[in-house]
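Chemist: Output the structure for:
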Amino acid sequence: MTLMDLLKLLKRNWKMVVALPVACMLVCAVVLVVMPKTYSATANVSVSGEPGGIGGVAEGLAKEKSSGKLEVTAKANTTNKTVAITAEDVNGQSCVNTVNEVAGNLKTQAATLYPNVQVQVANASAAVDVSPSLVKYSAVAFLAGLFVAVCIVVLMDMRRAPVHSAAEVEEGLKIRQLGDLPFPTPEHAREAFLANIRFAGEGERALCVVPVGGTRNSVLACLELAQAASQAKVKTLLIEGDLAEGALDAMRGDQGGRRAVGLADVVSKRAKLDACVIPFAPSVDYLPAGSPLVNPVTMLGSSAFEKFVAEAKEHYSLVVVNTSDPANHADFAYIAHAVGNTVLALAEFETPTAELAEVANQLDIASAKVLGFVMVQPPAPAGGRGGRGARTSRSHRASESKTSMERLKAATPKRSRR
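Modeler: Residues are numbered from 1 along each chain as shown. Modelled structure (predicted):
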């Protein structure tokens, strides 16, 4: 992971990176405010001779006075020939009284034990506040929280091991990048995506888009590709090949209940292609998933599906098939085998590297030609992977696809269904 990848990762998880340090700082500040203040007072005893023996006496007297939160210490300084007696307590006056009392007792005992040594006492006049600095300790707590947050984010990323950048995919799996689709997608980006696909396909009219890391990736890629084809006036057929979940159909509002006739009906000879397609945008038609009567794998792996692909290529200059999520269904491999050309739809920090490698291996076994990959770059998710945050993230992803769908529908002329 490069420094730029780390910054992108922290940006995607900015809520944790901000919330945890702030929480640590606030907790520390509250504890320091609630905690009683600590005071310290010091009395200095000067001697004319070696302070070592008197220092030992002072330590004994200080130990006798220490009790509870009151801590009394004595330290001899042979260079200055002094003994410093210090007391710390939550009561400042108690500190002053204690050190002065210990200093007085020390002078009395020193006169008895060391009659030849002159002892002078400098009593403490006031105690000083030695409580922890609110600003300093709060800043330290903030930095500690920031460090912990960064560690958590990095460890979570290491556990998931997602794709961090397009360069990582190109270097690791030797798959070329065909496009970069941020959200919202600038016009030149989708035009370049369409051009790269047509050049990489070497004249082939059909391709399938396989999502790796979530169906949202292929849905956005298909919609942007359809919009680019519409602007370029390329006669295009957009097909919902995800017969299990129908992510594209869901964006049209066709989820649950009775499905519109579509791919499954055409392949099973229950309907004709020209009767099922729906005008989607200028020069772009849409074929829904339909209602399969048999297992989708059985239908997509049949010769009837291959004949359907050949028929679609006769009527359209470009045929784009959206496939199911490889993590949940094996349909994509059968579609890729029949269609041939395949584009992988990835997302930074969302597509697991191991899953991408597995999908590439399955496509190789299926004798599908991987033209390359497109990097979908939506805004960072607004929550975690579970609970309310996950629901917010899913609804946010759906809104992204709907926005792309709405752009296409806005450009669609009012015409009757064929």
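Chemist: For the rest of this, base every contact and every neighbour count on C-alpha atoms.
Modeler: OK.
Chemist: In this protein, what helix or strand scores lowest on average pLDDT?
Modeler: helix 387-410 (a mean of 50; mean pLDDT, DSSP states H and E).
Chemist: contacting residues around Val102?
Modeler: Ala58, Leu61, Ala62, Lys65, Ile85 (C-alpha atoms under 8 Å, 6 or more residues apart in numbering).
Chemist: can you tell me the helix or strand for the first one?
Modeler: This points to Ala58. helix 52-65 (DSSP states H and E).
Chemist: Quick one: list the elements packing against that helix.
Modeler: Under the contact criterion of 3 or more C-alpha pairs under 8 Å, 6 or more residues apart in numbering; DSSP states H and E, helix 52-65 touches strand 71-77, strand 82-89, helix 92-113.
Chemist: buried stuff in the longest one?
Modeler: For helix 92-113, a neighbour-count test (16 or more other C-alpha atoms under 10 Å) marks 92, 94-104, 106-107, 110 as buried.
Chemist: and the two most separated of these?
Modeler: Across the buried residues of helix 92-113, the longest distance by C-alpha to C-alpha is 27.2 Å; it joins Gly92 and Ala110.
Chemist: In PDB, list the C-alpha atoms belonging to stretch 88-97.
Modeler: C-alpha atoms of stretch 88-97 as PDB (Å, rounded to 0.1, in the frame of the first residue of the first chain):
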ATOM      1  CA  GLU A  88       1.500  16.300  47.400                       C
ATOM      2  CA  ASP A  89      -2.200  16.200  48.300                       C
ATOM      3  CA  VAL A  90      -5.600  17.400  47.100                       C
ATOM      4  CA  ASN A  91      -5.500  20.000  50.000                       C
ATOM      5  CA  GLY A  92      -2.900  22.700  49.400                       C
ATOM      6  CA  GLN A  93      -2.900  23.900  53.000                       C
ATOM      7  CA  SER A  94      -2.400  20.400  54.300                       C
ATOM      8  CA  CYS A  95       0.700  20.100  52.000                       C
ATOM      9  CA  VAL A  96       2.200  23.400  53.500                       C
ATOM     10  CA  ASN A  97       1.500  22.400  57.100                       C
END
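Chemist: per-residue confidence averaged over that stretch?
Modeler: Mean pLDDT, stretch 88-97: 91.
Chemist: neighbouring contacts of it?
Modeler: 36-42, 69-72, 87, 124-128.
Chemist: Among the residues you listed, which lie within strands?
Modeler: Cross-referencing the contacts of stretch 88-97 against strands under DSSP state E gives Tyr39, Ser40, Ala41, Thr42, Glu71, Val72, Ala87, Val128.
Chemist: I'd guessed the fifth one sits against Thr98; true?
Modeler: No. Shown here, Glu71 and Thr98 do not form a contact pair, counting by C-alpha atoms under 8 Å, at 9.9 Å.
Chemist: Quickly list what's touching both of these two.
Modeler: Here Glu71 and Thr98 have Lys65, Ala87 as joint contacts, going by C-alpha under 8 Å, 6+ apart.
Chemist: Now the helix holding Ala58 - C-alpha only, PDB.
Modeler: C-alpha atoms of helix 52-65 as PDB (Å, rounded to 0.1, in the frame of the first residue of the first chain):
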ATOM      1  CA  GLY A  52      23.600  12.200  53.600                       C
ATOM      2  CA  GLY A  53      22.800  11.300  57.200                       C
ATOM      3  CA  ILE A  54      20.300  14.000  57.700                       C
ATOM      4  CA  GLY A  55      18.700  13.000  54.400                       C
ATOM      5  CA  GLY A  56      18.200   9.500  55.800                       C
ATOM      6  CA  VAL A  57      16.500  11.000  58.800                       C
ATOM      7  CA  ALA A  58      14.300  13.200  56.600                       C
ATOM      8  CA  GLU A  59      13.200  10.200  54.600                       C
ATOM      9  CA  GLY A  60      12.100   8.400  57.700                       C
ATOM     10  CA  LEU A  61      10.100  11.400  58.900                       C
ATOM     11  CA  ALA A  62       8.500  11.800  55.500                       C
ATOM     12  CA  LYS A  63       7.500   8.200  55.400                       C
ATOM     13  CA  GLU A  64       5.800   8.500  58.700                       C
ATOM     14  CA  LYS A  65       3.700  11.400  57.500                       C
END
